[in-house]
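Asker: whatever this is, show me its structure:
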Amino acid sequence: MSRIGKHPVEVPSGVTVSISGATVTAKGKLGELKQRFTDDVDITQEGNLVWIKPRHDTQEARKMWGTARAIVNNMVHGVSQGYAKNLEIVGVGYRAQVQGQDLVLQLGYSHEIRYPIPQGLTIQAPEPTKIQVSGADKQRVGQVASEIRGFRPPEPYKGKGVKYEGEYILRKEGKKK
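Answerer: The predicted structure is shown next:
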């Protein structure tokens, strides 16, 4: 039995969840998210609770039970409160700023990197060394933050690069004489 899937998803006030077949749509103050699930799970709504149950007693249906419940929970949380990832830039001369619909990064290369801000997400640079990626879709927020970090991952000797806020960089000792 799935320890996650057996709990219902509570729908807060201000969020509407509609289920049509295997497609779940969540609407809230931060937007609308839509997800299609496999036919291995049954999704029903009773009042302000969304229940997910496996349709069959197969291994695949039991796998999708907890996964579907987690995705629906992330959708409901995303449209009501949203998700955010914070990034820090470490290094002399490394900085970021938002210009129009682009995030402009200067990360020690001979050129600046222009990253177009995806639709449905907001990217802010409150300081030249901090970036905040926020939006309703947890997967897209994490993916965009990972792509930005991938332009210059932190290196282990001085820790220079783009890292997640609170991320610990394992440091190596430099060469000895």
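Asker: what's the closest non-adjacent residue to Pro8?
Answerer: Leu49 (4.1 Å; C-beta to C-beta, 6 or more residues apart in numbering). For the C-beta atoms, the positions are set from N, CA and C on the backbone; glycine is no exception.
Asker: tell me how far stretch 126-136 is from the chain's mean position?
Answerer: With C-alpha atoms, centre = their mean, to the nearest Å as the basis, stretch 126-136 stands 13 Å off its chain's centre.
Asker: now swap in stretch 113-125 and tell me
Answerer: On C-alpha atoms, centre = their mean, the centre of stretch 113-125 falls 14 Å from that of its chain.
Asker: in it, what counts as buried?
Answerer: Neighbour-count burial for stretch 113-125 flags Tyr115, Ile117, Pro118, Leu121, Ile123, Gln124, Ala125 (criterion: 16 or more other C-beta atoms under 10 Å).
Asker: which of those lies closest to Leu30?
Answerer: Leu121 (11.0 Å; C-beta to C-beta).
Asker: for that closest one, give me its contacts.
Answerer: Leu121 makes contact with Val133, Ser134, Gly135, Asp137, Arg140, Val141, Val144, according to C-beta atoms under 8 Å, 6 or more residues apart in numbering.
Asker: ok, now with 6 Å
Answerer: Leu121 is in contact with Gly135, Val144, counting by C-beta atoms under 6 Å, 6 or more residues apart in numbering.
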